[in-house]
Each structure stands twice: as structure tokens, then as C-alpha cells.
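Asker: compute the structure for the input listed below.
(2 chains)
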Number of protein chains: 2
Amino acid sequence: MTTIAVEQRILNANDQIAAENRAALDAAGTLAINVMASPGAGKTSLILATAARLPADVRPAVIEGDLASRIDADTMTAAGIDVVQINTGGSCHLDAPMVRTALPELLAGRPDLLFIENVGNLICTAEFALGSHLNVVVASSPEGHDKPYKYPGMFAAADAVVLNKADVMAVFDFDVDFFQRGLAMVNAHAPLFVVSCRTGDGLDAWVAWLLAQRAQS
Amino acid sequence: MTTIAVEQRILNANDQIAAENRAALDAAGTLAINVMASPGAGKTSLILATAARLPADVRPAVIEGDLASRIDADTMTAAGIDVVQINTGGSCHLDAPMVRTALPELLAGRPDLLFIENVGNLICTAEFALGSHLNVVVASSPEGHDKPYKYPGMFAAADAVVLNKADVMAVFDFDVDFFQRGLAMVNAHAPLFVVSCRTGDGLDAWVAWLLAQRAQS
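Answerer: All right, here's what the predicted structure looks like:
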């Protein structure tokens, strides 16, 4: 009972700060996308490939969430994208207070899109609101087609699902229909984009959807 | 402060039950291996491939930990391996009380090896003792060679690391040396086994190591 009460207070405080983050994002005219996935599914690759396909007047920025290291932030900087690295230490997910620390620097540039690359974790990241407008889950074919069945909470929380590494799907005997049936069981509205960040296949449809979300926001 | 105190009590209770699990395992003459990895790295495949390579007098059993579904347990049953499925509901890791519920049924058969397949999670699973004798981390080449740098806690906790999907390493530009240097930075003792559960490459060395651990225990 004690544990539940404490967690409740923590979540409420997080939600309060998430609401403040959302207000700051809206004031800057920035659409924020919480990008969640297993380790190595291709979150960084998707953000890079998406940024490269944006119209010239749509400017991206990135928050990189990792337990440790700034490998991904260095990759973004090399690509000319404004980035703030957050190292969570032991924490298995980003939370709203962490995101808040990065917003003043990034929102000063009034980016059109802010990609928040969460820690690689297909469970815990879905449980903490950050203030973002969209939750995007990246899956990848080497992980196997059973993931929506095994990690229903994450897929239920998605506004869109990007299935990456489609170019090697045959190597991993990946059954897209089985994956999509599992997704539909837990999420009736999220579109599925089958892409390869390496070959570029499928990315145009994903970017078009993302830009449409921005236009509607 | 309140949160820390509560978590402390929970961890202490978990450690107490983990010690009881260990005693039950030792009494049955069973070596237990906590198998941890990202979702889809190949935990189930490794357990199946290992079981198929055991000498006839070494009998395996399995605990399957998943948020939801009994897909992996059905796979084990089809392979003729004694298995208990634990569905954690929302919890992102197995804990000692969950494992305790599965032990009476499995230890009645006095298996020589008990593989405890943890929930797919490269962070939280390392933080909860189960009573197992060995922690084995499974990584896979599609996840990328930067994982020991990004998830140091998990790799630091390993008694051995199995790098799976080695047959597609070239496809993913996987740099084994970079991976191994990252592993060595956080863990000076864990051997690295580079394997492919699909082709069988590298599995003999891993199984020989595992059997040597059993002989020493």
C-alpha cells in the first residue's frame, strides 16, 4: 500500500511537469515526438533519415536519452542537428523533469519538430508522460514478429508504429501479417509504416504522415 | 527520501526470497541461469539451441518470463522441455517471488540446469536477484555494437555474454572489436561467446563453458 501511494505521487508530479513541457512546446510552435523502442531497433537511424527528408522550412531538433554515453548526440551533431544529450544514470526511461532541463536550450531555436529519443526499453518508457504530442514506437524485423503480443502496453500507447529493417525481413522469417494482427489487437488507430532506414524504402509515407500531424496541430 | 526507503525494503525482501530460491535450487542439484537481453535478441533461441546440445544425462528446464502471452512456453513444450510460464503483467522484470512460484513444479523433476528467461529488457532485469547462480546476457548483432557503452549496468552484471546473430554481422556493419572493448570497460571477467543460434556456429564453446560452470558448482 505504501509503495502504491508513493508511486502515485511521483506520477502526479511527473504529469504536472509534462503539462508544463507541453505548454512550452506549444508556445514555441514545436511538435514533439516521443520515440520509443527496444535497444538497437533504429530510433537514431529513423530520426536521421526523417530529418534528411524534411522540407527545407521544417527544422528538427533532438533530445537524446541514454543511460550513459553521448554516442547518439555526437551522431546528431555531425548531421548538423541541434541536440541535447540526457544521461539518465540508472533510470530506465526519460521522465518529464529530465525533458524540462533540455527545453530552454532547444526551444530557443524554435524548431518545428522535436524528436525525443527515449532510452531503449520496450516497457517502462511508455509509462511516463514527457509532454510530447505523439508517441511513436519503432520495431525492427530482427526482433521478431511477436513483439506486439509480448509487449502490449508499449504498442497500445503508440500513435504510430514504424517497422524498421524491412530490407532484412526475409532473413529473419518475419511475418508482417502476424505482427499487424498483434498490433491491431491492442491498438485500433495507430498506422503501421514498414520502412528500411538503410535503403530508404517506406520513409516517404512516414514523413508525409508526420508532416500531416504537424499541419493538424 | 520516502521513495528510497520503500524501495530499500522491497529490495531487501526480494533478496531474502532470492536466497531461499538459491537454497531450493542447491538442494535439488540444479544450476540456474538468469538469461537477460533486449526484446528479440534471441534468448529463447539460445535456450533451445543449448538444450539440443546438452549431453543426454544433463536435463534442462525453463522458466519463461513475459509481460504477456505464452508463445515462448509453447515453443519449449513443443521441444519437449519442462517449462513454467510467468506473466508479469505490467512488471518489466522477473523478481524472486515470481521465480519462487515456479520452483516446486520444476524442481520436482530435479533438472540439472534451469534457464530463467527474463523479460526482454536491457536495464531493469539486472537489478533484481532471482536466486540464480549465473547471469548471462544475450546481445545480437542487429542491435548494434554500441550496447555495452549505452547499457553498462547490464553488461557489468554478466557472468558471460553471448553475442547472437553473428551470421548477419556483416549486414549490420557490426564491429566485434568495438563491442568487446566496451564490454571490457565495464566487465573484466565475463567471457564473450560469438554465436549464431540459426547456423549453430560458436555454440559448442558456449555449451562447454556452461557445463564447466556446472561441474564447478
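
Asker: C-alpha from now on. contacts and neighbour counts both.
Answerer: Fine.

Asker: can you spell out which helices and strands pack onto the host helix or strand of A:A212?
Answerer: Take DSSP states H and E as the rule and A:A212 turns out to sit in helix A:203-216. If you count contacts as 3 or more C-alpha pairs under 8 Å, 6 or more residues apart in numbering or on different chains; DSSP states H and E, helix A:203-216 packs onto helix A:43-52, strand A:192-194.

Asker: make CSV out of the ones you listed and add mean pLDDT and mean neighbour count.
Answerer: Conversion of those to CSV gives the following (pLDDT from 0 to 100; neighbours: other C-alpha atoms under 10 Å in any protein chain shown):
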stretch, mean pLDDT, mean neighbour count
helix A:43-52, 98, 20
strand A:192-194, 98, 19
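
Asker: and the ones you listed: which comes nearest A:L103?
Answerer: helix A:43-52 (18.1 Å; C-alpha to C-alpha).

Asker: which outside residues touch that closest one?
Answerer: Residues from elsewhere that reach helix A:43-52 (C-alpha atoms under 8 Å, 6 or more residues apart in numbering or on different chains): A:35-37, A:60, A:72, A:76, A:79, A:115, A:117, A:138, A:197, A:200, A:203, A:207.

Asker: of those, keep whichever come out buried.
Answerer: The neighbour-count test (16 or more other C-alpha atoms under 10 Å in any protein chain shown) marks A:35-37, A:60, A:72, A:76, A:115, A:117, A:138, A:197, A:200, A:203, A:207 as buried among these.

Asker: any chance of a markdown table for those, columns secondary structure and pLDDT?
Answerer: Below are these laid out as a markdown table (DSSP: H, G, I helix; E, B strand; the rest coil; pLDDT from 0 to 100):
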| residue | secondary structure | pLDDT |
| --- | --- | --- |
| A:V35 | strand | 98 |
| A:M36 | strand | 98 |
| A:A37 | strand | 98 |
| A:P60 | strand | 98 |
| A:D72 | helix | 96 |
| A:M76 | helix | 97 |
| A:F115 | strand | 98 |
| A:E117 | strand | 98 |
| A:V138 | strand | 98 |
| A:C197 | coil | 98 |
| A:G200 | coil | 98 |
| A:L203 | helix | 98 |
| A:V207 | helix | 98 |
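
Asker: so which residues on chain A come close to chain B?
Answerer: A:2-3, A:6-7, A:38-41, A:66-69, A:90, A:92, A:120-124, A:142-144, A:147, A:149-153 (C-alpha under 8 Å from any C-alpha of the partner chain).

Asker: now a PyMOL select for only the buried ones of those.
Answerer: Applied in PyMOL, the following selects the buried portion of the residues of chain A next to chain B according to 16+ other C-alpha under 10 Å:
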select buried, chain A and resi 38+39+40+41+66+67+68+69+92+120+121+122+123+124+142+143+144+147+149+150+151+152+153
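
Asker: quick one: which of the residues of chain A next to chain B sit in strands?
Answerer: Among the residues of chain A next to chain B, the members found in strands (DSSP state E) are A:D66.

Asker: list the contacts for A:R110?
Answerer: A:R110 neighbours (C-alpha under 8 Å, 6+ apart): A:A28, A:G29, A:T30.

Asker: that one in helix, strand or coil?
Answerer: At A:R110 the chain is in coil, as set by DSSP: H, G, I helix; E, B strand; the rest coil.

Asker: and it, backbone torsions?
Answerer: When read as degrees, to the nearest 10, the backbone of A:R110 gives phi 40, psi 60.

Asker: any idea how far it is from chain B?
Answerer: 29 Å (C-alpha to the nearest C-alpha, to the nearest Å).

Asker: contacts only, for the most centrally placed residue in chain A.
Answerer: With distances taken as C-alpha atoms, centre = their mean, A:V35 lies nearest the centre of chain A, 0.4 Å away. Residues in contact with A:V35 (C-alpha under 8 Å, 6+ apart) are A:K43, A:F115, A:I116, A:E117, A:N118, A:N135, A:V136, A:V137, A:V138.
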